[in-house]
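Asker: Give me coordinates for this.
(3 chains)
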Amino acid sequence: MKTIEVKKPSGYATQIGPAHPALKEPVMFTLDIEGERIRRVDFVPGMAHRGIEWMGMRRNCIQVMYLAERICGICGITHAISFVRAVEQIAQIQVPNRAHYIRSIVGELERIHSHLLWAGVAAHELGFDSAFYLAWRVRENVMDLLEYLTGNRVHYAIIQIGGVRRDIVPDQFPRIEESMKFFENAYAQLAAVFLDDTTVRMRCRDCGVLTTDEARELCPVGPTARASGIKKDVRIDHPYAAYADIEMEYQTPDLLTGEVRGDVYDRIVTRLLEVKQSIGIVRQLLAMLPDGPLLAIPKPAVLLAKLKGAAGEAVGRHEAPRGEVMHFVRLEAGKDEPVAWKVKASSYSNYLSWIPMMEGEQIADIPIIAASIDPCISCTDRVALVRPDSRRILTKEELHRLSVEKTRRIQAALAKRENP
Amino acid sequence: MNASLLLATIVGTLGLALFGIFAGLWFTGIDRVLAARMQARIGPPVRQPFIDLAKLLIKQNVVPANAIPWLFNGAPLLALASAITILLYVPMAALPGLPVLGLQGDLVLVMYLLLIPGLAMVAGGLASGSPYATIGAQREMVTMIAYELPLAATVIAFAWKLAQLGALHPFSLAAVAATPIWTVVGPIGFVGLLLLLATLLLVVPGELGRIPFDAPEAETEIAGGLLVEYSGRNLALFSLSLAVKTIVATALVVALFFPWNFTDFVALGGAPAFAAAANAAFFLLKLLVVLFFSVTLVRISVARFRITQVVDVYWKILGALSLVGLLLVMVDAHVR
Amino acid sequence: MSFPMIPELLGRLFRKPNTNPFPAAQLPPTVTGLLEKVGKGEARLNPPVPVPAKLRGKMTYNRETCIGCKLCIKVCPAHAIDFIESTKKIRIFVAQCIQCGQCTEVCPKNCLALSEEFLNASHDRYADALVVD
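Answerer: So this is what the prediction gives:
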């Protein structure tokens, strides 16, 4: 068994968060620092818990789908896709091919959107506001495109259990191609600003390193894992929707730079490469778009009836811009609502990589390292600690005693009910 | 000192204080609008810093429970007062009465005075009782130590050259203002002066706490650093001191490297007030150009440095460059 | 040493900003004063960026054709629709509505539709403009 080295506290503790300009969402980092160097870091999530799974267990599956989309704004469709994939498996609904393709196209457009948003946020954390504005200006284009295709810039509401709700007709193809050309041109400028700029290199190269071995142990997902050289991608490993019909490569930084260092710079490289890959995928899928219906069960009332009778449990997965998202759903016959719904967001797997990345770095690097795994804390917070400061260790004797006391209480209440 | 001189000094001081504040806030506003346009934004109106100042003055002045009240409240006043004091010594345009205390100060005094607003901010930060402010104060001290090297090299180059030319008081600002340094060096010295100008232009963002040298106040890292606990009137005074420091830093660059007046190029007949106005406008234009190239363009084109990188850049890169510049100026004198 | 942002920044200095100045380029001295002037025709508000067709905006409802089947209430994720027992019609609260359009799909009489109106902000959630019935 590996001995865990417990570092002595240096005596100067500070914290970043929960509310801090570096963090777009609340999470608390407790730091043990020595001057500017971080000796130990720990984090406490759980401050963005909104009770979504609780709400979901009181709504029928069609309503839950829209709720799932609102778990996150940047990866909204990934939660919708994961949820409907789980439900479709339980109810044995076959999604038509055209719907699969449209889901993948919108999913890839969302990936472009999310990575551009991330690039801007990372630049802002570095103090490079001009790159932030540049990346978000480019992102406006994909948001306008998504508004054109789905009716809203965020929360596309295009997924339905059994297919998609809106079609992508050939009349819309020229607009999509126009956007793809725009992104190709913008890609060159973004790559120059984010990868060639001297100050960005100074801040990001060899900073916040997650070695391949550490990545293998901590099991991050998505670009965080791929930037450390782990070849992991749900779209390639377990193909679904339209991804089975196209050739894809794992986007690791050695495709561009020739080596894998697992630092913040490599994560920037990985995400820029993924943007390029997504542009290619969208074009490919549009060219191969098959004809056919959009929904397996067009009438929502019929769909609701079928889901009421469905029973079973399944896991739906999707490669979100941050990594693999899993939704576990259990349905019971005769009930509209899911009996169990558990969301495992991609950032949940990526959180623990913060610790080896931050230890040994300077306080100045905390914002960029925190941002480099692209944390989506709203996605991830499914549990809130009510009494986080009190810790008790319950021994076997104490547990036994508490159980006996509770049994006595229940017996007394039952006896009272029988003899009022 | 006789009564009329004393009166003139007082009037001059008050006038310069008001000028420093108003011009500083205007230039801050122009800097914000130019930066916004370069980032494809509309930006705020140019008078935004005045609106911000008015808003700060009506907000509550919070003194944290952990703070040292007299130091916490006194530091902003000290910062503003010391920034205005430097204005009394820096030569500006050839206007009557300027510089107000010009005959009594020299470059060494100005270099020392330049430290005081920074030290006041450090004191205020350490007195804030917040860990972020402490980190910011430590970073500010380190930044000040770091940019002293290129600044000192530049000052020494000027003083050395003037002494070599036979000036009685080589460090005096009057001597510096009277001798445009470009006219007394040959080609080698010209290159040396260019290097010194480049390093001084990059010392200005460090003095003013702007990107890439704004580690003491890094918004995304330490939530405002030194100034994190300041609000209301105290923060207004600090922002005023920053505005005046903007004028001071750019005026110093102009006084050292571009001391010409408008009337040196164009002979203006007519009332002397007309010539004075032209000189003043030309001076403000020079300040604006220096501000654009040293603060505005720099702060939006690069990312922020870590504090260790700030020291590396100031000592290794800019320090070496400025020493090379100094050497070239010296070599030039021997070659001619 | 490369600073690829500098040419982009200097070039932008001579071009129009990317921001659409809706409703005005700068904050006016008083908002109510500006709105009064607009009412009198002395000032103009800049229009917003044009929206695409089939934007999912504010709900519209045709009372006449509604049969009170309550299917829309069953599928509304946000519980934004109220059923009025006395008239067997519905009322939609725009402030609660998430504009998903599920109700428009399930309605057997097609009396619900999403318009392209998106300027729905108000101080009062129950203002007339925000209650569709």
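Asker: measure the one residue in the stretch 251-400 of chain A that gets nearest to chain B to B:P259 for me?
Answerer: Residue nearest to chain B within the stretch 251-400 of chain A (Cβ to the nearest Cβ): A:A364, separated by 4.2 Å. Glycine gets a C-beta too; all of them are placed from N, C-alpha and C. With distances taken as Cβ to Cβ, to the nearest Å, A:A364 is found 38 Å from B:P259.
Asker: Backbone dihedrals for A:F328, both of them.
Answerer: Dihedral angles of A:F328 (phi, psi; degrees, to the nearest 10) stand at phi -100, psi 130.
Asker: Tell me which residues touch it, please.
Answerer: A:F328 makes contact with A:A86, A:E313, A:A314, A:V315, A:A340, A:W341, A:K342, A:K344 under the criterion Cβ atoms under 8 Å, 6 or more residues apart in numbering or on different chains.
Asker: if we go to 10 Å?
Answerer: Taking Cβ atoms under 10 Å, 6 or more residues apart in numbering or on different chains as the criterion, A:F328 is in contact with A:82-83, A:86, A:313-316, A:338, A:340-344.
Asker: that older thread, surely the residue of the stretch 251-400 of chain A closest to chain B is in a helix?
Answerer: Yes. Counting by DSSP: H, G, I helix; E, B strand; the rest coil, one finds A:A364 located in a helix.
Asker: who's in contact with the worst-scoring helix or strand of chain C on mean pLDDT?
Answerer: Least confident helix or strand, chain C: helix C:31-40 with a mean of 89, by mean pLDDT, DSSP states H and E. Around helix C:31-40, the neighbours that count as contacts under Cβ under 10 Å, 6+ apart are C:P23, C:A24, C:L27, C:P28, C:T30, C:E42, C:A43, C:R44, C:L45.
Asker: Alpha carbons of that helix, as CSV, please.
Answerer: Provided in CSV are the C-alpha atoms of helix C:31-40 (Å, rounded to 0.1, in the frame of the first residue of the first chain):
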residue,chain,number,x,y,z
VAL,C,31,-34.0,56.4,-18.4
THR,C,32,-37.5,57.7,-17.9
GLY,C,33,-36.5,61.0,-19.5
LEU,C,34,-35.2,59.2,-22.5
LEU,C,35,-38.3,57.1,-22.8
GLU,C,36,-40.5,60.2,-22.6
LYS,C,37,-38.5,61.8,-25.4
VAL,C,38,-38.9,58.7,-27.5
GLY,C,39,-42.6,58.9,-26.9
LYS,C,40,-42.7,62.4,-28.1
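Asker: Mind pulling up the pLDDT for the residue of the stretch 251-400 of chain A closest to chain B?
Answerer: At A:A364 the predicted local confidence, pLDDT, stands at 89.
Asker: Same check on B:G97?
Answerer: At B:G97 the predicted local distance difference test score is 72.
Asker: Could you look up the SS state of it?
Answerer: For B:G97, the secondary structure call by three-state DSSP comes out as coil.
Asker: Can you get me a residue count around the residue lying closest to it once chain neighbours are set aside?
Answerer: For B:G97, ignoring the flanking residues on the chain, the nearest one in space by Cβ to Cβ, 6 or more residues apart in numbering or on different chains is B:G12 at 5.6 Å. Here the number of neighbours of B:G12 (other Cβ atoms under 10 Å in any protein chain shown) works out to 17.
Asker: Check the one 4 residues further on too.
Answerer: Counted with other Cβ under 10 Å, residues neighbouring B:L16 total 25.
Asker: cool, C:K88 as well?
Answerer: A total of 12 residues lie near C:K88 under the criterion other Cβ under 10 Å.
Asker: repeat for C:P48
Answerer: A count of nearby residues for C:P48, using other Cβ under 10 Å, gives 11.
Asker: Next up, phi/psi of the residue sitting nearest the centre point of chain C, please.
Answerer: Computing the C-alpha centroid of chain C and ranking residues by Cα atoms, centre = their mean puts C:F118 first, at 1.8 Å. With angles defined as degrees, to the nearest 10, C:F118 shows backbone torsions of phi -130, psi -10.
Asker: B:M144 touches B:L119, doesn't it?
Answerer: Yes. In this structure, B:M144 is within contact of B:L119 by Cβ atoms under 10 Å, at 7.7 Å.
Asker: what sits against A:A314?
Answerer: With contact set as Cβ under 10 Å, 6+ apart, A:A314 has these partners: A:R85, A:A86, A:V87, A:E88, A:Q89, A:I90, A:A91, A:H327, A:F328, A:V329, A:R330, A:L331.
Asker: in the sheet, who's paired with it?
Answerer: Assessed by DSSP bridges, A:A314 has beta-bridge partners A:V329.
Asker: Now the residue located most distally from the centre of chain C: closest residue in space that isn't a chain neighbour?
Answerer: In chain C, the greatest distance from the average C-alpha position (Cα atoms, centre = their mean) is reached by C:M1, at 48.0 Å. Leaving out its chain neighbours, the residue that sits closest to C:M1 by Cβ to Cβ, 6+ apart is A:T198, at 5.0 Å.
Asker: Count the neighbours of the closest residue to chain C within the stretch 201-350 of chain A for me.
Answerer: Shortest the stretch 201-350 of chain A-to-chain C distance, computed as Cβ to the nearest Cβ: residue-wise this is A:P300, at 4.3 Å. Residues near A:P300, counting by other Cβ under 10 Å, number 22.
Asker: follow-up on the earlier one: quick one: the residue of the stretch 251-400 of chain A closest to chain B and B:D214 touch, right?
Answerer: No. Using Cβ under 10 Å as the test, A:A364 is too far from B:D214 to be in contact (11.1 Å).
Asker: and the gap between the residue nearest to the centre of chain C and chain A?
Answerer: According to Cβ to the nearest Cβ, to the nearest Å, C:F118 stands 10 Å off from chain A.
Asker: Report the contact partners of the residue lying closest to that residue once chain neighbours are set aside.
Answerer: For C:F118, the nearest residue in space outside its immediate sequence neighbours is C:G57; the separation is 4.6 Å by Cβ to Cβ, 6+ apart. Applying Cβ under 10 Å, 6+ apart to C:G57 gives the contacts A:G151, A:N152, C:V51, C:V94, C:Q99, C:L114, C:S115, C:E116, C:E117, C:F118, C:L119, C:N120.
Asker: Quick check on C:G57: phi, psi?
Answerer: According to degrees, to the nearest 10, the main-chain angles of C:G57 amount to phi -110, psi -140.
Asker: now swap in the one 10 residues further on and tell me
Answerer: The phi and psi values for C:I67, taken as degrees, to the nearest 10, are phi -110, psi 0.
Asker: now C:A80
Answerer: In this entry, C:A80 is assigned phi and psi values of phi -90, psi 0 (degrees, to the nearest 10).
Asker: Surely it and C:V94 touch.
Answerer: Yes. With contact defined as Cβ under 10 Å, C:A80 and C:V94 form a contacting pair (7.8 Å).
Asker: hey, what's in contact with both of the two?
Answerer: C:M59, C:V132.
Asker: Can you identify each of the helices in the stretch 101-250 of chain A by residue range?
Answerer: Taking DSSP state H, counting those that start in this stretch as the criterion, the stretch 101-250 of chain A contains helices spanning A:129-150, A:173-191, A:198-204, A:212-218, A:222-227, A:234-237.
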